Structures are given as structure tokens and as C-alpha cells.
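Peer 1: predicted model, plus sequence, below.
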Amino acid sequence: MSEMKHLVTLEGLTVDEMMAILKAADEFARGRQQTFNQKVVANLFFEPSTRTQYSFEMAQKKLGIETITFNERVSSISKGETLYDTVKCFEAFGIDALVIRHPEENYFDQLMGHVSIPIFNAGDGSGQHPTQSLLDLFTIWQEFGYFEGLKIAIVGDVANSRVAHSNIQVMKRLGMKVSLVAPPQFQEAGYKWHDLDEVLTEMDIVMLLRVQHERHQEALSLSQAAYHEQYGLSIERERQMKANAIIMHPAPFNRGVEIADEVVACERSRIFKQMENGVYVRMAIMSRAFER
Ligand code: CP
């Protein structure tokens, strides 16, 4: 971790550093006030986003940080300017940090060591989504108070999911037992794959993933109904879960595909809690970067 307090993957954070972020998020959730009046952060989103972009913006407003929202379509990207030169331009303006979502995996490699302001990775293609992982961990920590030994099933389009990639790494590091479930088309080498109905009843957490049609080279070979039947969290499956088990999804979700409509907001769903927690976690990340 450099002095810049970048957050591009979670690999650069120790467990103690992650726990410090979760504890700060908890303080913000309980009403901690902090202001950084002189700070300006630009949010550069080269892929669509609702939760990440606007929860960063909400977090910035709560911290008294001025926000610049970059619009790729009417920027000089359309004249061929590169990401690197765009970032160097914002750095030259005197911006204090950049939030970047970009379709290229590891886009941040070209920036590390060349920029003097913190970069917060808001998602790099199918690579990593560290702030989503931190808000997922915060939600789990709020619920259970620990990580070691918790059993989670991550179910769905694992191959295309930056959320899965970040979470599998960090959750294993924290001692969680991660079971992966996916149709063959969404599986990756190097992992063991499970049947949802064989693991469901043992799980403390079931995390569904969106079927990311926009990233597929070939159309999904299953119909939506067949996908739901084999891999979806139906109300019948929800009823088989352990008494205190919870349901998570990074969202946006496809109702009736990976998750049944009536499960989205059921008692054990923490999906909207995850969205709320995204604001507190992003406040904690920016506070960490700007605190002296
Ligand atoms: N979970 C998540 O990253 O959502 P958005 O794509 O809406 O930001």
C-alpha cells in the first residue's frame, strides 16, 4: 500500500487495514460526522452504474467533498484521448482523488506509480470490485460479527463477475468457506464447482450474481426459466435455508432469473442493506485516504 492510499484491489490491504475500514464504516453508519471541505473528487465511469457511482457521490456529499461527474460521451475520450491522459488532466486540475470504473481489466496498472492522487477502483471489467467486496464484508460482519468458518455459496455468472473475483479471494483469506455454483458456461478453471441443492441447507450466506448478458461472447444456452429452475434462488429454496442464513446480491438483479421476485425483499434478504452499507464503506475509504 503506497502513501497515496489507492484502493484498486483488496490484495494490497492487510486484514487489519480491512477491519479498520469496516470499523470506520460502522462509525459512519452510527452517525459519525467528518468533513473534508477543501477536497474535490472526480467520478469517472466508463461503464454504466447506479449503486457504485451514486453511493460514492452520496458518500462525498456526506463528507462535504465536492464532486465532479465525468461524462465520457461528451468528453475528449470521443476525440481519442486515452484513459491515462484523461487521468493526468484531472490530476493537473488539482483534483484530490479519482473514482474510476472502466471495462478494461487491470486498467489501473498503467496509472500506478504515475499519478500522485488516490485512485479508487469502482470496477475493472470482469476483474475486481474492491469497494463492493468491502460493503459485502461489512454487511456480513454486521450480521454475524465474525468471518472465520462462515459458509457462503456464490451462485451464478462467476466467470464474468468482478464481485465474485474480489470476494472469492478476500473471503478465503478471512477463513470463510466459499462454495461456487455456476452453469458450465460460467465456470472458470482452478475452482471446485457445486450443485446448489447439495450445498444450500448448510450455507450461512447465499450470494446470487447477475447473469451478465452484456459480457457474453455467446448467448446463454439456458432459457431464463431453465436457469431459474437450476440455479435461481426460488422461494422453495429460500425456505430450505438455515434459520439465520442471509441472502445477498450485489445488484442490479434479474427478478425471476437468478432470484425470485418474492425473495428479493424477503426477511433474510440483505440486498438493500448492502446498498445502504455501500455509502458508509465508501465514506470510510475516502476518509482513510484524506485523513492526516
Ligand atoms: N453492485 C454494483 O456495482 O452496481 P452498479 O453496477 O449499479 O454500480
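Peer 2: Sure, I can see it.
Peer 1: drop to CA atoms for contacts and neighbour counts, all remaining ones
Peer 2: Will do.
Peer 1: over to Val199. Which of the three states is it?
Peer 2: Assigned by DSSP: H, G, I helix; E, B strand; the rest coil, the conformation of Val199 is helix.
Peer 1: what's near enough to touch it?
Peer 2: Ala153, Ser179 (C-alpha atoms under 8 Å, 6 or more residues apart in numbering).
Peer 1: next one: it from the ligand, what distance?
Peer 2: As judged by C-alpha to the nearest ligand atom, to the nearest Å, Val199 and the ligand stand 25 Å apart.
Peer 1: distance check, that residue against Lys177.
Peer 2: Look at Val199 and Lys177: by C-alpha to C-alpha, to the nearest Å, they are 11 Å apart.
Peer 1: next, the distance between the ends of stretch 166-182.
Peer 2: Stretch 166-182: ends 17 Å apart by C-alpha to C-alpha.
Peer 1: apologies, that question was intended for stretch 33-50.
Peer 2: 25 Å.
Peer 1: is any residue of it near the ligand?
Peer 2: Yes: contact of stretch 33-50 with the ligand (C-alpha under 6 Å from any ligand atom) involves Ser49, Thr50.
Peer 1: can you give me the offset of that stretch from its chain's centre?
Peer 2: Taking C-alpha atoms, centre = their mean, to the nearest Å, one finds stretch 33-50 lying 16 Å from the centre of the chain it belongs to.
Peer 1: buried set for stretch 147-156?
Peer 2: Phe147, Leu150, Lys151, Ile152, Ala153, Ile154, Val155, Gly156 (16 or more other C-alpha atoms under 10 Å).
Peer 1: got it, and stretch 189-205?
Peer 2: For stretch 189-205, by 16+ other C-alpha under 10 Å, it's Trp193, His194, Leu196, Val199, Leu200, Thr201, Glu202, Met203, Asp204, Ile205.
Peer 1: what does the worst-scoring helix or strand of the chain on mean pLDDT contact?
Peer 2: Lowest on mean pLDDT, DSSP states H and E among the helices and strands of the chain sits helix 224-231, with a mean of 94. Helix 224-231 is contacted from outside by Val155, Gly156, Val181, Ala182, Pro183, Leu196, Ser234, Gly256, Val257, Glu258, Ile259, Ala260, using C-alpha under 8 Å, 6+ apart.
Peer 1: roughly how far apart are the fourth one and Ser116?
Peer 2: Applying C-alpha to C-alpha, one obtains 41 Å for the distance of Ala182 from Ser116.
Peer 1: check Ser133 too.
Peer 2: 25 Å.
Peer 1: who has more neighbours out of these two?
Peer 2: Ser133 (26 against 16; other C-alpha atoms under 10 Å).
Peer 1: skipping its backbone neighbours, what lies nearest that one in space?
Peer 2: Spatial nearest neighbour of Ser133, excluding adjacent residues (C-alpha to C-alpha, 6 or more residues apart in numbering): Asn167 at 5.6 Å.
Peer 1: just the element for the one you found, please.
Peer 2: helix 162-173 (DSSP states H and E).
Peer 1: can you give me the strands for the stretch 1-150 of the chain?
Peer 2: With strands called from DSSP state E, counting those that start in this stretch, the stretch 1-150 of the chain shows them at 40-45, 66-69, 97-102, 119-124.
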